[in-house]
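J.: When you get a sec, could you give me coordinates for this:
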Amino acid sequence: MASSPPTKRRRPNQSKEDPDEKPAAPPSSQEKLPPVVVFAHGAGAPSSSDWMRRWKEMLGKALQAVEVVTFDYPYITKAEKLVNCHEEVVKEAVAKYPGHPLVLAGKSLGSRVSCMVACKEDISASAIICLGYPLKGIGGALRDEILLQLQVPIMFVQGSKDALCPLDKLESTQKKMKSLSGLHVVDGGDHSLKIGKKHLQASGSTQDQAEDLALKAIAAFLSKSLT
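T.: Got it, this is the predicted structure:
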């Protein structure tokens, strides 16, 4: 694997740490600490988008995370460079919060790269959260190789109308996976889990209610995975 790209190509969303600031003290063996979440954006919008900011806040509350770290990928096409950038952010978060469970979360592209990072030998993730996993590539080919390599518990949250992840294909992939996996379907949701107005009216529900159910499913899955 090539060396990590220069830090100037990544734009972290946190202010730079004080050079004199020390990492949090390691926990005692009996202390259960909240997770640190590294949340990666998709190809369509950066971490500063309304969608990412909203889900960052919701994930933080639902998981009682010590921090939800977001960042921006360098806008290049090579997957290896994306993985290197992502891995660098993960290592910084782990160093800042030693002993805290590491959860990798991502939207679309960010969820796929999260899986690649989780497969690295020097990364010890406790769980992965995929919000709209892009199981199908642009040409329609099934991209399940990285999922079949995983050994980390993974939770999928998918819209029932997401053309990039047909549910029957995902469920077939889950049966072949080595790792524990969960699936929550947002009925009527698209690739960004957004539900159309007609569907909401017909079901008598709201977008907020659907997202709340998804967050509860994520929290329930992680409560079992992080024990």
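
J.: C-alpha from now on. contacts and neighbour counts both.
T.: Fine.

J.: just how off-centre is stretch 123-139 within its chain?
T.: The chain centroid and the centroid of stretch 123-139 are separated by 7 Å under C-alpha atoms, centre = their mean, to the nearest Å.

J.: Just the CA trace of that stretch, in PDB.
T.: What follows is stretch 123-139, C-alpha atoms only, in PDB (Å, rounded to 0.1, in the frame of the first residue of the first chain):
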ATOM      1  CA  ILE A 123      -7.100  -1.100  12.100                       C
ATOM      2  CA  SER A 124      -9.200  -2.600  14.900                       C
ATOM      3  CA  ALA A 125     -12.700  -1.500  14.200                       C
ATOM      4  CA  SER A 126     -15.500  -2.800  16.500                       C
ATOM      5  CA  ALA A 127     -18.300  -2.200  14.000                       C
ATOM      6  CA  ILE A 128     -19.300  -0.600  10.600                       C
ATOM      7  CA  ILE A 129     -22.400   1.300   9.800                       C
ATOM      8  CA  CYS A 130     -23.300   1.600   6.100                       C
ATOM      9  CA  LEU A 131     -25.900   4.200   5.100                       C
ATOM     10  CA  GLY A 132     -26.800   3.400   1.600                       C
ATOM     11  CA  TYR A 133     -24.200   0.900   0.600                       C
ATOM     12  CA  PRO A 134     -23.400   1.000  -3.200                       C
ATOM     13  CA  LEU A 135     -23.500  -2.700  -3.900                       C
ATOM     14  CA  LYS A 136     -23.800  -2.200  -7.600                       C
ATOM     15  CA  GLY A 137     -21.200  -0.400  -9.600                       C
ATOM     16  CA  ILE A 138     -21.900   2.100 -12.500                       C
ATOM     17  CA  GLY A 139     -22.000  -0.800 -15.000                       C
END
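
J.: May I see the buried residues of it?
T.: 124-136 (16 or more other C-alpha atoms under 10 Å).

J.: Between those, which sits nearest Asp168?
T.: Leu135 (11.1 Å; C-alpha to C-alpha).

J.: Spit out the contact partners of that closest one.
T.: 142-144, 164-166, 170 (C-alpha atoms under 8 Å, 6 or more residues apart in numbering).

J.: repeat that for 7 Å
T.: Contact partners of Leu135, counting by C-alpha atoms under 7 Å, 6 or more residues apart in numbering, are 142-144, 164-165.

J.: Ok, Ile195 next?
T.: Listed by C-alpha under 7 Å, 6+ apart, the contact partners of Ile195 are 188-189, 207.

J.: Backbone dihedrals for it, both of them.
T.: Ile195 adopts backbone torsions of phi -100, psi 140, taken as degrees, to the nearest 10.

J.: List buried members of the contacts of Leu135 by neighbour count.
T.: Buried among those by 16+ other C-alpha under 10 Å: 142, 144, 164-165.
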